[in-house]
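A.B. asks: attaching a predicted model along with its sequence, questions to come.
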Amino acid sequence: MEESGADLVLIVEDTDEIRSLLKELLEKEGYEVVTAENGEVGLKMIKSVARPCLILLDVMMPIMNGPEFLHALEKSPLHHLLATIPVVITSAGTFPSDLEPELTQGFLKKPLNIEVLLQTVARYCRKKSHNDSFVRGERR
């Protein structure tokens, strides 16, 4: 894993349209975004990219769902990342009963409220301003 990406958001979401829209929205807001279509791909991304400032994690996904992703990360050599990377769960349902709340920093209900989403991302990530200096949570 590379150094911390102060503006890098990892989106783990299986629905193509949601994943693409979130990526486009956050990139327009000044964040770098990497995406994964399930938890298994998300784990590979964590090993190959800069440490994200935030993981937006869907619950219901094929191959490896959100709770399975967190449990696999917890048992991996990268388990220390759970203490340093905020994870926000996104779901159309309720918070998963098979997931310990202390493993996450929040829950966003789908359909996502864009303002709440942007506030959440700004809480954990910095974005580049037009002159490439970092700005925490400011909208330009």
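C.D. replies: Perfect, I can see it now.

A.B. asks: please count neighbours and contacts with C-alpha atoms only from this point.
C.D. replies: OK.

A.B. asks: now do the buried residues in stretch 89-99.
C.D. replies: Neighbour-count burial for stretch 89-99, counted by 16 or more other C-alpha atoms under 10 Å, picks out Ile89, Thr90, Ser91, Phe95.

A.B. asks: same question, stretch 27-34
C.D. replies: Within stretch 27-34, the residues scored as buried using 16+ other C-alpha under 10 Å are Glu27, Glu29, Gly30, Tyr31, Glu32, Val33, Val34.

A.B. asks: same question for that stretch, mean pLDDT?
C.D. replies: Averaging pLDDT along stretch 27-34 yields 96.

A.B. asks: and stretch 114-128, by the same measure?
C.D. replies: Averaged over stretch 114-128, pLDDT sits at 93.

A.B. asks: do stretch 8-21 as well
C.D. replies: Mean per-residue pLDDT for stretch 8-21: 97.

A.B. asks: flag every buried residue along that stretch.
C.D. replies: Leu8, Val9, Leu10, Ile11, Val12, Glu13, Asp14, Arg19.

A.B. asks: list phi and psi for the residue nearest the centre of the chain.
C.D. replies: Note on the chain: the residue nearest the mean C-alpha position is Ile55, at 1.9 Å, using C-alpha atoms, centre = their mean. Ile55 adopts backbone torsions of phi -120, psi 120, taken as degrees, to the nearest 10.

A.B. asks: who's in contact with it?
C.D. replies: Ile55 sits next to Val9, Leu10, Ile11, Val12, Ile85, Pro86, Val87, Val88 when contact means C-alpha atoms under 8 Å, 6 or more residues apart in numbering.

A.B. asks: quick one: which of those residues is nearest Met61?
C.D. replies: Val12 (9.0 Å; C-alpha to C-alpha).

A.B. asks: and stretch 59-75, end to end?
C.D. replies: End-to-end span of stretch 59-75 (C-alpha to C-alpha, to the nearest Å): 19 Å.

A.B. asks: typo on my end, it should be stretch 103-116
C.D. replies: Note: stretch 103-116 ends 20 Å apart using C-alpha to C-alpha.

A.B. asks: output the longest helix belonging to this protein.
C.D. replies: Assignment by DSSP state H gives helix 16-28 as the longest helix of the chain.
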